[in-house]
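Colleague: coordinates only, sequence not included:
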RNA sequence: GUGGGCGUAGCCUAGCGGUUAAGGCGCCAGGUUGUGGCCCUGGAGAUCGAGGGUUCGAAUCCCUCCGCUCACC
């Protein structure tokens, strides 16, 4: 397989990197945000829409597609790319996260996880080998190791046991993966413990994967805690391999974590928020359902170059959401994904110009993610937590 | 016209003698991070159709009126 990742530039004042991912279905400029399309569709959009908003790679999900329609069907229909008519790069998640978040967990052992389908309640058994087999049949360009994702708040002993199980599974994934032209990424675990993250990084990088993910974050921990773990973990990963932070995608998180040296991100947040009427703008997040938009003639973001902002007023989107019209989902999703893609483009350009540190400072100063009260609450939570956690690290 | 039923927040209802009238929808705001379009959390909003009476106490019981509705003429 040809070189998967190449560096194009680095920032002199932070750890930010710009690079290129090269896959059988095209190349992707990094840092990159990958929209989530679990069921073989980024909800409300067509592949043409995705190309227009500048989505490089998209993320599908082995768990969802295995339960429905099943990989046999997708295989007979020519694989996932052909099935969903998207000829760009695809990354599939193994389903580890879903087993532990969606499915009714029955039993987990070193062998694998027994759980109930969230669709029909049937009993399912997923092992590292099966997760790889499913992902090989789907045919994504990048696939993920099967891992365990313990909830935030578990104590250190449980996090360590879970991490060790993920390590065991990572080794089995590595040795059962056969398909050429498909890169298997290992996943670093260890919760919010810096020490466990170090151990996990040493173990997983020892298995020599073509790329590495930081998993088990963004599960309810305060943002500052997540940043500090990413800051400690990302630099330990091999410089010449791509680094993927799983499940992170708010604008401020993207900028913060690029600065720690992360190259790839995915998150349901931009698309999910869009379907609930929340959109990003240059200054802050907006809730289009708010009454104040009823007469707003301008676009939701005057700086945005997406088709939604070009053609429609905020007042019209407000109306569509009030009526629960289907077009609302599409227009808001187009905007949020364009916002994320454009943010990544600007970030990348500033890294290449070596002006990223200034860009980051200016962006974070202007962009207000949520309202002040909610942020203060988060900060308080973090301070209390830091007090309680002192003995652990 | 006669007899019955019903009038409780913008809408639909619960409460049928006992603190401060409850809930759903809607409305006003928050939240949402390896996606179920769901969901969660706050908030505002009611002279209980009007007037009179009984009672320590009435949305609740009685009387009159008004409005809606059904049946019979």
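Modeller: Structure received. These numbers come from a predicted model, not from an experiment.
Colleague: output the below-cut-off pLDDT ranges for chain A.
Modeller: Scanning chain A with the threshold set as pLDDT under 70 gives A:1-2, A:103, A:371-393.
Colleague: any idea how far residue A:224 is from residue A:192?
Modeller: Using CB to CB, to the nearest Å, one gets 11 Å for the distance from residue A:224 to residue A:192. For glycine as for every other residue, the C-beta is placed from the backbone atoms N, C-alpha and C.
Colleague: ok, these two, which is more surrounded?
Modeller: residue A:192 (23 against 16; other CB atoms under 10 Å).
Colleague: hmm, residue A:230 and that one touching each other?
Modeller: No - contact criterion CB atoms under 8 Å: residue A:192 and residue A:230 do not qualify, at 10.8 Å.
Colleague: find residues that contact each of these two.
Modeller: Common neighbours of residue A:192 and residue A:230 (criterion: CB atoms under 8 Å, 6 or more residues apart in numbering): residue A:217.
Colleague: do stretch A:27-46 and RNA strand B come into contact?
Modeller: Yes - Stretch A:27-46 lies within reach of RNA strand B by CB under 7 Å from any atom of the strand, at A:35, A:36, A:37, A:38, A:42, A:43, A:44.
Colleague: and that stretch, which residues are buried?
Modeller: For stretch A:27-46, a neighbour-count test (16 or more other CB atoms under 10 Å) marks A:28-38, A:40-45 as buried.
Colleague: go on, stretch A:187-202?
Modeller: Going by 16+ other CB under 10 Å, stretch A:187-202 has these buried residues: A:187, A:188, A:189, A:190, A:191, A:192, A:193, A:196, A:197, A:199, A:200, A:201.
Colleague: for RNA strand B, what's the nearest residue on the stretch 251-393 of chain A?
Modeller: residue A:268 (2.4 Å; CB to the nearest atom of the strand).
Colleague: from the residues of stretch A:27-46 next to RNA strand B, which two are the most distant?
Modeller: Among the residues of stretch A:27-46 next to RNA strand B, the pair separated by the greatest distance (CB to CB) is A:38 and A:44, at 13.2 Å.
Colleague: residue A:62: which of the residues of stretch A:27-46 next to RNA strand B is nearest?
Modeller: Nearest to residue A:62 among these: residue A:38, at 9.5 Å, using CB to CB.
Colleague: the closest one should be in a helix, yeah?
Modeller: No - according to DSSP: H, G, I helix; E, B strand; the rest coil, residue A:38 belongs to no helix; its state is coil.
Colleague: how far away is the closest residue to it other than its chain neighbours from residue A:73?
Modeller: Nearest-residue entry for residue A:38: residue A:61, 3.9 Å, with adjacent residues in sequence omitted and distances by CB to CB, 6 or more residues apart in numbering. Using CB to CB, residue A:61 is found at 16 Å from residue A:73.
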